[in-house]
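**Student:** Next comes the sequence, and after it the predicted model I'd like to discuss.
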Amino acid sequence: MGRIKIKDTPSITAHTLLTKICNRDYVTPDTYKVLTTVAKQLSHKYPSIKLVYLDANFPFIDGYPLFPHLSHNDGKKIDLSFIYKTTNEKLTNKKPGITGYGVFIPPPNNNNQTEYCKKKGYWQYDITRFFSLGNWNRKLILSEKATKDLLLLLSNQPMVRKIFIEPHLKQRLRISNTKIRFHGCQAVRHDDHIHIQL
């Protein structure tokens, strides 16, 4: 169907085996090219760090849904994990949640997009908190520098059209690139992962 399975390499890997078993790891050749390019650039900058992906797409026809995602249906979308560090400031490939979703970076009180969206009636906005299956690395901290570097590497790829993260993270990381934007209240919150689309 014009999609290829993402291969684990020394610089790119799935967060969980379940993603691969359930065939949620297929992308178009162009998307795969972007992933491998950024993964190599990231490992050059941070030799011990891999590009860790979460959900991509099924290997089926365009339009086939990938629950619970709204748009992962054409091979051109993929979710990536933030980069974390330990309490002693060492970068790690570990993630706080089992699935990679649902363990959020808390927003400041004056910029709580989640509360705003839920008050507007979008009850599903933080539903992924139920999909975390546990927070198994509670002491991990977001690496602002490495995550910002990853976002900039992604945004520098000409084929990448949009990158979604929460507004408070864009402000916190001091990023002004217009490709990096808010996804709207109709989706789910994006302060637990990065969504990219070509």
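**Tutor:** Looks like it arrived, so ask away.
**Student:** ranges for the strands of the chain?
**Tutor:** Applying DSSP state E to the chain gives strands spanning 4-5, 12-14, 26-27, 51-53, 77-80, 84-85, 91-92, 141-142, 162-164, 180-181, 194-197.
**Student:** Show me what the helix of greatest length in the chain packs onto, helices and strands only.
**Tutor:** Longest helix in the chain, counting residues (DSSP state H): helix 29-45. When contacts are defined as 3 or more C-beta pairs under 8 Å, 6 or more residues apart in numbering; DSSP states H and E, helix 29-45 sits against strand 12-14, strand 51-53, strand 77-80, helix 144-155. Where C-beta positions appear, they are placed from N, C-alpha and C, glycine not excepted.
**Student:** Quick one: closest of those to residue 123.
**Tutor:** For residue 123, the closest of these is strand 77-80, at 21.4 Å, according to C-beta to C-beta.
**Student:** ok, now which ones touch residue 126?
**Tutor:** With contacts defined as C-beta atoms under 8 Å, 6 or more residues apart in numbering, residue 126 is in contact with 104, 114, 118, 188, 189.
**Student:** what number of residues lie near the fourth one?
**Tutor:** So the one you mean is residue 188. For residue 188, the count of nearby residues is 24 (other C-beta atoms under 10 Å).
**Student:** quick one: it from residue 43, how far?
**Tutor:** As judged by C-beta to C-beta, to the nearest Å, residue 188 and residue 43 stand 29 Å apart.
**Student:** As a markdown table, the strands of the chain with mean neighbour count and mean pLDDT would be great.
**Tutor:** Output for the strands of the chain, formatted as a markdown table (neighbours: other C-beta atoms under 10 Å; pLDDT from 0 to 100):
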| stretch | mean neighbour count | mean pLDDT |
| --- | --- | --- |
| strand 4-5 | 13 | 96 |
| strand 12-14 | 20 | 96 |
| strand 26-27 | 24 | 96 |
| strand 51-53 | 24 | 98 |
| strand 77-80 | 24 | 96 |
| strand 84-85 | 20 | 96 |
| strand 91-92 | 16 | 96 |
| strand 141-142 | 15 | 95 |
| strand 162-164 | 20 | 96 |
| strand 180-181 | 17 | 94 |
| strand 194-197 | 22 | 96 |
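**Student:** how about the ones you listed in a markdown table, adding distance to residue 129?
**Tutor:** A markdown table is the format used below for the strands of the chain (distance: least, C-beta to C-beta, whole Å):
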| stretch | distance to residue 129 |
| --- | --- |
| strand 4-5 | 29 |
| strand 12-14 | 22 |
| strand 26-27 | 27 |
| strand 51-53 | 20 |
| strand 77-80 | 16 |
| strand 84-85 | 18 |
| strand 91-92 | 23 |
| strand 141-142 | 17 |
| strand 162-164 | 18 |
| strand 180-181 | 23 |
| strand 194-197 | 17 |
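**Student:** Quick one: closest of the ones you listed to residue 64.
**Tutor:** strand 26-27 (10.6 Å).
**Student:** surely residue 125 meets residue 189?
**Tutor:** Yes - under the criterion of C-beta atoms under 8 Å, residue 125 makes contact with residue 189 at 5.6 Å.
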